[in-house]
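Trainee: Give me a 3D structure for the following:
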Amino acid sequence: MSQAAPLFAQIKLHTYFGGGEIFAAHLAEAAAGLGGSSVLIVHPDARHWAGLHLPATRLITAHNWAEAAAKLPPGLPVIVHAAPPQALAEQIAATRPLIGFAHMPLNRFYADSRQAYGACTRVVGVSGYVIDTIRGLGLEPWPVPFYGVADAKRPGDGGGILAASEFEWDRRKFRDRLLGLSEPLWAKLRRRASYQKRDGLTLGIVSRLAPIKQFPLLLQLLAPELARQQNVYLEIFGAGGYASVRDLRRALKPLGDRVRFWGHQRDVARAYAGIDVLLTGLPEREALGLNVIEAQACGVPVLAPGAAPFTETVLPGKTGWLYADPREAGSIYPSFAETLASLLAQREQGQRLDPRRETAHMQKFSSDEFRHRLAELLASVR
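Mentor: Got it, this is the predicted structure:
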């Protein structure tokens, strides 16, 4: 039986594994759900694609943008998940629809991608916050926020949580190459612990420890208050660059052994099941926060600064808590200290938030809604 005709091709050349990779996999699943197939062009060093659910998907490898463009099947609309070189974007868009997904807010941090996104047939934001930043650059965005899917399942789940490396080594840097090569030696000196939840309130970070999350800065501000509370623990499931991990460890010194690093975990559903509350990073460089909607789908409420995009994904008092950004004054939200005290008091009284009860809210992040948004987007470029 022949495979259904492809609806689009995607280019996703990052070698690391993060929310954008999950998003691309969900697009492939949605294409299959619409009765079609898709093409996905990935970097040959990105081995994580072999472990993702990619129904009706043809995988092609390419080392760079130029090679990816040369390998595109003729005639298909093309979806990119980062701004390609401007000349290449113009070249692709001259012969077929080019759909540029913005997985970062195109604010002052990413404004230099304006020209490449300007060449796209459609520019799609993954949240209302990102849409606003697209408009801020003078571009016309696809008007509907293209939220991700709140699904924490990954193929091969169920193996439990064992401590893994908290580092992502950048092989372009001499220090990282040296430490990466030596890690197998010094890692043998560390006991590979198995995760057991401790009694008390367990806050969790389930995320790449990427600079855009700004975890070191946030935790430097929050750690003194966390240290003042009894029986509050922080479990970190994720890996990052050497500097990010180093700076985060420094920020968390006041918590001592109440902090544990578990490294990148394939079974994120089990990680969510092992915490009481998800702790996000800072907001302004965050586009949506796939972990925020995944946690809620697993019944885990979210503790986040009260700013976009978290104001789109968290319902205060129902699916989590929003607190005042500790860097700013005059917020309408309570301080982190007040929010944490209220959270602890609710737990003492046996009150637990379960975001899954908020069905209308969670429906925005369902696979059905995601598939419907994709169908509308593709229809608009035919």
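
Trainee: Below-threshold pLDDT in the stretch 51-200 of the chain: ranges please.
Mentor: Counting by pLDDT under 70, the stretch 51-200 of the chain shows low-confidence ranges at 155-158, 169-192.

Trainee: Can you show me the strands along it?
Mentor: If DSSP state E, counting those that start in this stretch is used as the criterion, the strands of the stretch 51-200 of the chain fall at 57-61, 78-80, 98-102, 122-125.

Trainee: Can you check which of these gets nearest to residue 373?
Mentor: With Cβ to Cβ, the closest approach to residue 373 among the strands of the stretch 51-200 of the chain belongs to strand 122-125: 9.0 Å. (C-beta placed from N, C-alpha, C; glycine too.)

Trainee: Who are the packing partners of the closest one?
Mentor: Contact partners of strand 122-125 among helices and strands, from 3 or more Cβ pairs under 8 Å, 6 or more residues apart in numbering; DSSP states H and E: strand 98-102, helix 128-136, helix 367-380.

Trainee: hey, which of the ones you listed is tucked in deepest?
Mentor: For the helices and strands packed on strand 122-125, ranked by mean neighbour count under the definition mean count of other Cβ atoms under 10 Å, the leader is strand 98-102 at a mean of 26.

Trainee: does residue 303 belong to a helix or a strand, and which?
Mentor: In the assignment (DSSP states H and E), residue 303 maps to strand 302-305.

Trainee: re the thing from before, out of the strands of the stretch 51-200 of the chain, flag the one nearest residue 15.
Mentor: Of all those, strand 57-61 sits nearest to residue 15, with 11.5 Å by Cβ to Cβ.

Trainee: So which bits of the closest one are buried?
Mentor: For strand 57-61, a neighbour-count test (16 or more other Cβ atoms under 10 Å) marks 57, 61 as buried.

Trainee: send the alpha carbons of it over as CSV?
Mentor: Included here for strand 57-61 are C-alpha records, laid out as CSV according to Å, rounded to 0.1, in the frame of the first residue of the first chain:
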residue,chain,number,x,y,z
THR,A,57,7.2,10.8,7.6
ARG,A,58,10.1,10.6,5.2
LEU,A,59,13.4,11.6,6.9
ILE,A,60,16.1,13.3,4.9
THR,A,61,19.5,14.5,6.3
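
Trainee: Run through who's touching it.
Mentor: Residues lying outside strand 57-61 but in contact with it, judged by Cβ atoms under 8 Å, 6 or more residues apart in numbering, are 3, 6, 28, 31-32, 37-44, 49, 68, 71.

Trainee: Stretch 211-230 now?
Mentor: 104, 109, 200-201, 203, 205, 207, 209, 232, 234, 241, 244, 247-248, 250-255, 258, 280-282, 285-286, 326-327, 336-337, 340, 344.

Trainee: returning to that earlier point: of the strands of the stretch 51-200 of the chain, which is nearest residue 161?
Mentor: Nearest to residue 161, of all the strands of the stretch 51-200 of the chain, is strand 57-61, at 28.8 Å by Cβ to Cβ.

Trainee: for this protein, what spans make up the helices?
Mentor: Shown for the chain, the helices assigned by DSSP state H span residues 19-33, 65-70, 86-93, 114-118, 128-136, 174-187, 215-228, 242-251, 268-273, 290-297, 310-313, 336-348, 359-363, 367-380.

Trainee: what's residue 82 in contact with, if anything?
Mentor: For residue 82, the set of contacting residues under the criterion of Cβ under 8 Å, 6+ apart consists of 13-14, 20, 103, 113.

Trainee: whoops, I mixed them up, residue 378
Mentor: By Cβ under 8 Å, 6+ apart, residue 378 lies in contact with 7-8, 77.

Trainee: Return the distance of stretch 9-25 from the chain's centre.
Mentor: The chain centroid and the centroid of stretch 9-25 are separated by 11 Å under Cα atoms, centre = their mean, to the nearest Å.

Trainee: how about that stretch: buried residues?
Mentor: Along stretch 9-25, the positions that meet the burial threshold by neighbour count (16+ other Cβ under 10 Å) are 9-14, 16-25.

Trainee: Can you give the domain ranges for this protein?
Mentor: As recorded under automatic domain parsing, the domains making up the chain are 6-149+366-380, 174-363.

Trainee: Now tabulate the ones you listed in JSON lines and tack on distance to residue 167.
Mentor: Formatted as JSON lines, the entries for these read as follows, by distance: least, Cβ to Cβ, whole Å:
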{"stretch": "domain 6-149+366-380", "distance to residue 167": "12"}
{"stretch": "domain 174-363", "distance to residue 167": "6"}
